[in-house]
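Enquirer: okay, predicted coordinates and the sequence, questions at the end:
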Amino acid sequence: AAVQPSAVPSDLAVLTTLLGEATNMMRERLGKVDNRLDKVDNKLDTALGLLSPLMFGQLGPTSSKSSKSGTVDYRADAIKYYHGQACLDGKKMITCMVTGEQLPPERIVAGHVYMQSWNPTLLNMMGKTKHDPTNIILIRKEVEERFDKFEITIIPQAKEPRFKVYVLRGDLLTGKQPYIGTGSSTDCKMWKDVHEQDLHLEDCINGACPAKRLLAVRAQASIQHAIRLKWREKDDVPYPTDGWRSPNFDETHMARFLASLTTEPTLVGSGVDSSQQ
């Protein structure tokens, strides 16, 4: 028998009611799932906060160490990696990667990105060793001192140029210590000259560059340190995310993990004069 026209509105009303009830039930269940996920996130944050210092140590600033560790001359290995065997004769000028200055080899030191005194667990997880050339940047001594104190940092970028220098300690830009070196007519490079400028890799061979992921860890720790000491406000400097890009990259989880790493201002190190580097 044909459906009576008068019955259609009634059927639509029943269907609408059922759909409304189903929608409300789904929203209620999704709300419960969201609450559970929030609790899981909170527990994960707590666990990371407790475990990270135990597993990886405190990623804080340190003093500089000699460029020779036992029988390993990692400065020579880094120079060879970035500039080739020919630069090891000590006669060619070498570029400071932060200032861009061409300097005699004796004025260039090998600065570690992931610092020697830090717990190596995280470094090993990345498949690197502390003296790997990609964990080294070639810079002048004065730059290394500020780099090791987290007063400057290098942040990986998503596009070319691949790395950018940031001065985190504000009084280096506006205070009584504006010069990187002596401030003389032959050494007048200023910190403001390198702030937000590209890392100088233009004369490196075969596209050699430091490891993005190691610089991302270093930059994250440095920025947190700068915020804690009130050199910078939160969000003044962009946090490094591009250094972690990979097919399995999860930005949220990585940000949570990096935020759990603690930094301390206490200087830790051998106290070896970095002029020996």
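Expert: In hand now; what should we look at?

Enquirer: quickly find the element holding the spatially most central residue of the chain.
Expert: The geometric centre of the chain, computed from its C-alpha atoms, lies nearest to Ala216 (Cα atoms, centre = their mean), at 2.1 Å. Using DSSP states H and E, Ala216 falls within helix 212-228.

Enquirer: returning to that earlier point: and the residue nearest to the centre of the chain, what pLDDT?
Expert: If you check Ala216, the pLDDT there is 90.

Enquirer: and if you look at Lys230?
Expert: According to the per-residue confidence, Lys230 scores 93 in pLDDT.

Enquirer: sec struct for it, please.
Expert: coil (DSSP: H, G, I helix; E, B strand; the rest coil).

Enquirer: residues near it, how many?
Expert: The local packing of Lys230 (other Cβ atoms under 10 Å) involves 8 other residues. For every residue, glycine as well, the C-beta is placed using N, CA and C.

Enquirer: in stretch 202-209, what counts as buried?
Expert: For stretch 202-209, the neighbour count (16 or more other Cβ atoms under 10 Å) marks 204, 209 as buried.

Enquirer: how long is that stretch from one end to the other?
Expert: Taking Cα to Cα, to the nearest Å, the first and last residues of stretch 202-209 lie 10 Å apart.

Enquirer: now it: mean pLDDT?
Expert: Across stretch 202-209, pLDDT averages out at 94.

Enquirer: who's in contact with it?
Expert: Stretch 202-209 is contacted from outside by 81-84, 95, 133-134, 162-163, 201, using Cβ atoms under 8 Å, 6 or more residues apart in numbering.

Enquirer: quick one on the thing from earlier: what separates the residue nearest to the centre of the chain from Val113, distance-wise?
Expert: In this view, Ala216 and Val113 are 10 Å apart by Cβ to Cβ, to the nearest Å.

Enquirer: for Asp73, same thing?
Expert: Separation of Asp73 from Val113 (Cβ to Cβ) stands at 18 Å.

Enquirer: show me where this structure has its helices.
Expert: Across the chain, reading from the start of the chain, the helices by DSSP state H fall at 7-56, 74-83, 121-125, 141-148, 171-174, 191-194, 212-228, 251-260.

Enquirer: now render those helices as JSON lines, adding distance to Asp235.
Expert: Listed next are the helices of the chain as JSON lines, based on distance: least, Cβ to Cβ, whole Å:
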{"stretch": "helix 7-56", "distance to Asp235": "20"}
{"stretch": "helix 74-83", "distance to Asp235": "33"}
{"stretch": "helix 121-125", "distance to Asp235": "25"}
{"stretch": "helix 141-148", "distance to Asp235": "23"}
{"stretch": "helix 171-174", "distance to Asp235": "18"}
{"stretch": "helix 191-194", "distance to Asp235": "21"}
{"stretch": "helix 212-228", "distance to Asp235": "9"}
{"stretch": "helix 251-260", "distance to Asp235": "13"}
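
Enquirer: point out the most buried one among the ones you listed.
Expert: For those, ranked by mean neighbour count under the definition mean count of other Cβ atoms under 10 Å, the leader is helix 212-228 at a mean of 23.

Enquirer: for the chain, what helix or strand is lowest in average pLDDT?
Expert: Here the helix or strand of the chain ranked lowest by mean pLDDT, DSSP states H and E is strand 68-69, holding a mean of 48.

Enquirer: now the chain, which segments are flagged as low pLDDT?
Expert: When the per-residue scores of the chain are filtered using pLDDT under 70, the ranges that remain are 1-9, 41-58, 63-72, 241-277.

Enquirer: kindly recompute the last result at 80.
Expert: Under the criterion pLDDT under 80, the flagged ranges of the chain are 1-15, 34-35, 37-59, 62-72, 90-91, 161, 239-277.

Enquirer: how close does Leu125 get to Lys192?
Expert: Quick fix: residue 125 reads Met, not Leu. With Cβ to Cβ as the criterion, Met125 and Lys192 are 37 Å apart.

Enquirer: related to what we said a few turns ago, of the helices of the chain, give the one that comes closest to Thr62.
Expert: Taking Cβ to Cβ as the criterion, helix 141-148 is the member of the helices of the chain that comes nearest to Thr62, at 5.8 Å.
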